[in-house]
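[1] coords please:
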Amino acid sequence: MQEVPMASGSIAQVYRGTIALGPPAAAEAAAAAGTRAAATIPAAGASTHRLTPVVVKVAHPSVADHIALDFRVLGALADAVPPWASRGLALRESVSQFSHTMTAQCDLRVEAAHMERFANNFAGKAAQ
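    Predicted coordinates for the structure are as follows:
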């Protein structure tokens, strides 16, 4: 994995890397055909796995805790604003809604599920 992130945001950093996946494609084809191909025998010290590029997103340490504290403070401030000063704005409700949105973004599994759904929805469609 790269040491320097390719992108960074308030929740996480993104890195490029590679991951070793299974035996090389030639070995998979040979195994499926029930034969043993010379390509499946690695040279001394060679990897028996093919490397696949990946992108890894890593959450900043304790980011969820920091965000929760920030929203507790913002909630207390919203509660302290007198109704006449808020000009009819629902400050507490706005803080609560924003808190839910930001908290959900801290769970990278939610984003992964959205990305998987996006990929499934557009599988096989050519870019235009």
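[2] hey, let's count contacts and neighbours off CA atoms from now on
    Noted.
[3] what element comes up after the lowest-mean-pLDDT helix or strand in the chain heading to the C-terminus?
    Lowest on mean pLDDT, DSSP states H and E among the helices and strands of the chain sits helix 25-33, with a mean of 56. Using DSSP states H and E, the helix or strand that follows helix 25-33 in sequence is strand 50-59.
[4] Strands along this protein, start to end?
    Assigned strands in the chain, in chain order: 7-8, 12-21, 50-59 (criterion: DSSP state E).
[5] Can you lay out these as JSON lines showing mean pLDDT, mean neighbour count and distance to residue 101?
    Listed next are these as JSON lines, based on pLDDT from 0 to 100; neighbours: other Cα atoms under 10 Å; distance: least, Cα to Cα, whole Å:
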{"stretch": "strand 7-8", "mean pLDDT": "94", "mean neighbour count": "13", "distance to residue 101": "19"}
{"stretch": "strand 12-21", "mean pLDDT": "93", "mean neighbour count": "15", "distance to residue 101": "15"}
{"stretch": "strand 50-59", "mean pLDDT": "91", "mean neighbour count": "14", "distance to residue 101": "16"}
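[6] now those strands in a markdown table, with distance to residue 74?
    Listed next are those as a markdown table, based on distance: least, Cα to Cα, whole Å:
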| stretch | distance to residue 74 |
| --- | --- |
| strand 7-8 | 25 |
| strand 12-21 | 22 |
| strand 50-59 | 23 |
